[in-house]
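Student: next come a sequence and a model predicted from it.
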Amino acid sequence: MNIMKNILILKISFLAFTFINAQDNIQLEKFQTFESYSNESYDHPLRPQFHFTSLKGWNNDPNGMVFYDGEYHLYFQHNPLDVVWGNMTWGHAVSKDMVHWKQLKHAILPYKDGTIFSGTAVVDHNNSLGKNTKENKAIVAFYTHAQNSKSNWFYQSAAYSLDNGRSFTLINEGNGIVQNQGFDRGERDPKVFWHEESKKWIMILWVKRGNDTFTGPDTGPGNVTKLGKVRFFESNDLVNWRKLFDFDRNWVYECMDMVELPVDGDKSNKKWLLYDASFDYEIGDFDGKTFTTDGKVGKGDLGKHYYAAQTFNNSPDDRVIIIGWLATRDKNIFIENKTSWNQQMSFPSKMELKTTMEGVKLFRTPIKEIERLYLKSYNFKNKSIKYLNNKMKSQEIDLVDVSFDFEKNKHQKLVFDIGGEKITLENKKFIFQGIEVPVSEESKTNFRVLLDRSSIEIFFNNGEHVLSSYIDPNKKNKRIKIESENNNKLNCNLNIMKSAWIK
């Protein structure tokens, strides 16, 4: 009887295995749609020309950003079946310079009863996972396996690649390596990095939102405050993770990232920057066991459309480069115009910590590789507004990188009309789309604008304040004009750009 019972169990197991694999094959055929992208092009009049977009379908959060063997990898939240959010899959693109991208086959596809939410990727430099070969080090991806059934809670899974990030093998058959921590069904978005001082892999995971999502008597004055929670873990092997500590703040909400940066370029004085999807951040010290800050919260982007940014792991130089999702959900011109793609990424920017009168703050500026897209450049030094307007009225600025710097005058009002987008300087502040940006206390002030067809990114005071926003790509105004009561003199650096896509 025991023999027959064991044979029956084996048959049932084999049938179950066959069914599961059949289901996985169906999933592969359903979601690996990249072959259908071959008929798409980048020359559509509404498509951004130096900001990454998927050839086809929806994209949102950047994921798994990592550098390996001469390539920058940009994975991203992707719907391979439609131009709206859903069916979350890791799309994939590679670049040699973070400017010119080539999209590849989708990297990690939905499996079982779940989709592939945001996460990170690392190069296993010391073979912690034990999968490295003589030819290749493993790229290890960590992501949230988001259960479709509302009764099932999210958990964190992993996969590894031995072919330069082109394809991935699931670790633990795709089941969780970090189980749900019991705070929220939607715990998500693991960030993993190597911490040299402790010689450990560190994972940070958002597990609980702050009291802005709670209602009821316990949130009133004098009552218990419900804080958001980020949980820190450590690991030796990238599979088994041990809880270190919790970081509790009201502001934390999904897509956490954490990076170490020198202060004022001094490599002997480094601080850690922790930030979330909406780019609230704190600066502090991390020793591998705890993260301590002064509690001061900064804002990395003042615009309404910069979200879920991530930095590259394993960067080949000392730069810390960040890319965010330029979310256009509230004004979706792509859906209205029935395009085959939807959403875009920000242009890559370099992050630095600098000392200001208000303490150490985050500064952010476009990467220098943008110069590879300059078609024509003009450098106007100490020229009057009238002179500049005369020179620039003949320049069409569909794609532009332009900057201005000038002496401040508290009684002066300046309006910079850049392709129909107006930036006003008045009463010691800049104003754009109703958002006020403080002006530097120094005698001079400056700002820089990256204008693409459907986005604008403005860097004030050498990147001390950044404002990213969606704009309407259908506008006919493609000129620069400065409005002022006085014919003051300014410096202007104007760069007319070419497409990163069109050869």
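Tutor: That came through, no problem. Just so we're clear, the structure is a prediction, and the values are computed from it rather than from any experiment.
Student: CA atoms for contacts and neighbours, from now on please.
Tutor: Noted.
Student: could you pull out the helices in this protein for me?
Tutor: Remark: helices assigned in the chain by DSSP state H are 2-31, 333-336, 385-392.
Student: and these, which one's lowest on average pLDDT?
Tutor: Among those, helix 2-31 has the lowest mean pLDDT, at a mean of 52.
Student: just for the protein, where's the confidence low?
Tutor: By pLDDT under 70, the low-scoring segments of the chain are 1-27, 212-225, 330-332, 410-411, 503.
Student: ranges for the strands of the stretch 101-250 of the chain?
Tutor: Taking DSSP state E, counting those that start in this stretch as the test, the strands found in the stretch 101-250 of the chain are 101-108, 114-123, 139-147, 155-161, 169-170, 188-195, 200-208, 228-235, 242-249.
Student: which one of these lies closest to residue 372?
Tutor: Evaluated with Cα to Cα, the strands of the stretch 101-250 of the chain place strand 101-108 nearest to residue 372, the distance being 13.3 Å.
Student: each with direction, which strands does the closest one pair with?
Tutor: strand 89-95 (antiparallel) (DSSP bridges).
Student: neighbours around the closest residue to residue 281 other than its chain neighbours, how many?
Tutor: Spatially, and ignoring its direct neighbours in sequence, residue 281 is nearest to residue 275 (4.2 Å; Cα to Cα, 6 or more residues apart in numbering). Neighbourhood size, residue 275 [other Cα atoms under 10 Å]: 27.
Student: residue 361 too?
Tutor: 22.
Student: my read: it touches residue 299, true?
Tutor: No: using Cα atoms under 8 Å, residue 361 is not in contact with residue 299; the gap is 9.3 Å.
Student: which residue, other than its chain neighbours, is closest to residue 416?
Tutor: Excluding the flanking residues, the one nearest residue 416 by Cα to Cα, 6+ apart is residue 482, at 4.7 Å.
Student: how about the contacts made by residue 137?
Tutor: 123, 124, 125, 127, 131, 162 (Cα atoms under 8 Å, 6 or more residues apart in numbering).
Student: dump these to TSV, plus distance to residue 114.
Tutor: Below are the contacts of residue 137 laid out as TSV (distance: Cα to Cα, whole Å):
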residue	distance to residue 114
123	25
124	26
125	30
127	29
131	26
162	24
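Student: most neighbours among those residues, which one is it?
Tutor: Among these, residue 123 has the most neighbours (other Cα under 10 Å), with 24 neighbours.
Student: quick one, phi psi at residue 499?
Tutor: The phi/psi pair for residue 499 (degrees, to the nearest 10) reads phi -70, psi 140.
Student: what sits against it?
Tutor: Contacts of residue 499 (Cα under 8 Å, 6+ apart): 49, 50, 373, 399.
Student: tell me the spacing between it and residue 344.
Tutor: The spacing between residue 499 and residue 344, counted by Cα to Cα, to the nearest Å, is 15 Å.
Student: what does residue 395 give?
Tutor: For residue 395 relative to residue 344 (Cα to Cα), the value is 26 Å.
Student: which one of these two has more residues nearby?
Tutor: Set residue 395 next to residue 344 and count neighbours by other Cα under 10 Å: residue 344 wins out with 25 against 13.
Student: so what pairs up with the more buried one in the strands?
Tutor: Residue 344 forms beta bridges with residue 326, as assigned by DSSP bridges.
Student: okay but it is in contact with residue 327, surely?
Tutor: Yes: taking Cα under 8 Å as the definition, residue 344 is a contact partner of residue 327 at 7.2 Å.
Student: the nearest residue to residue 460 once chain neighbours are set aside: how many residues sit nearby?
Tutor: Closest residue in space to residue 460, ignoring its immediate chain neighbours: residue 447 at 4.2 Å, by Cα to Cα, 6+ apart. Using other Cα under 10 Å, residue 447 has 21 neighbouring residues.
Student: what sits against residue 447?
Tutor: 403, 404, 405, 458, 459, 460, 461, 462, 463.
Student: do the same with residue 146
Tutor: With Cα under 8 Å, 6+ apart, residue 146 has these contacts: 114, 115, 116, 117, 153, 154, 155, 186.
Student: could the strands of the stretch 101-250 of the chain be laid out in a markdown table, adding distance to residue 418?
Tutor: Output for the strands of the stretch 101-250 of the chain, formatted as a markdown table (distance: least, Cα to Cα, whole Å):
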| stretch | distance to residue 418 |
| --- | --- |
| strand 101-108 | 27 |
| strand 114-123 | 35 |
| strand 139-147 | 40 |
| strand 155-161 | 44 |
| strand 169-170 | 48 |
| strand 188-195 | 37 |
| strand 200-208 | 39 |
| strand 228-235 | 40 |
| strand 242-249 | 39 |
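Student: residue 305 is nearest to which of those strands?
Tutor: strand 114-123 (18.0 Å).
Student: tell me what angle the closest one forms with strand 155-161.
Tutor: Put simply, strand 114-123 runs at 50 degrees to strand 155-161, going by axes from the mean of the first three to the mean of the last three Cα atoms, to 10 degrees.
Student: just checking, what packs against strand 114-123?
Tutor: strand 57-68, strand 71-79, strand 89-95, strand 139-147, strand 188-195 (3 or more Cα pairs under 8 Å, 6 or more residues apart in numbering; DSSP states H and E).
Student: 6 Å instead?
Tutor: strand 57-68, strand 139-147, strand 188-195 (3 or more Cα pairs under 6 Å, 6 or more residues apart in numbering; DSSP states H and E).
Student: of those, which is nearest residue 210?
Tutor: Per Cα to Cα, nearest to residue 210 of the helices and strands packed on strand 114-123: strand 188-195, 14.9 Å.
Student: list the contacts of the residue nearest to residue 440 when sequence neighbours are not counted.
Tutor: Nearest residue to residue 440, sequence neighbours excluded (Cα to Cα, 6+ apart): residue 461, at 6.4 Å. Neighbouring residues of residue 461 by Cα atoms under 6 Å, 6 or more residues apart in numbering: 445, 446, 447.
Student: show only the entries of those residues found in strands.
Tutor: Judged by DSSP state E, those include 445, 446, 447 as members of strands.
Student: distance to residue 199 for those residues - can I get that in CSV?
Tutor: Below are those laid out as CSV (distance: Cα to Cα, whole Å):
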residue, distance to residue 199
445, 43
446, 42
447, 41
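Student: which of these lies closest to residue 280?
Tutor: residue 447 (21.8 Å).
Student: how close does the closest one sit to residue 423?
Tutor: Taking Cα to Cα, one finds residue 447 at 10 Å from residue 423.
Student: residues contacting residue 205?
Tutor: Each residue near residue 205 by Cα under 6 Å, 6+ apart is listed here: 190, 230, 231.
Student: name the nearest of those relative to residue 317.
Tutor: Nearest to residue 317 among the contacts of residue 205, with distances taken as Cα to Cα, is residue 190, at 24.0 Å.
Student: count of neighbours near the closest residue to residue 48 other than its chain neighbours?
Tutor: Closest residue to residue 48 apart from its sequence neighbours, by Cα to Cα, 6+ apart: residue 453 at 5.3 Å. Neighbourhood size, residue 453 [other Cα under 10 Å]: 23.
Student: could you do residue 338 as well?
Tutor: Residue 338, neighbours per other Cα under 10 Å, totals 10.
Student: show the backbone phi and psi for it.
Tutor: Dihedral angles for residue 338 - degrees, to the nearest 10 - are phi 50, psi 50.
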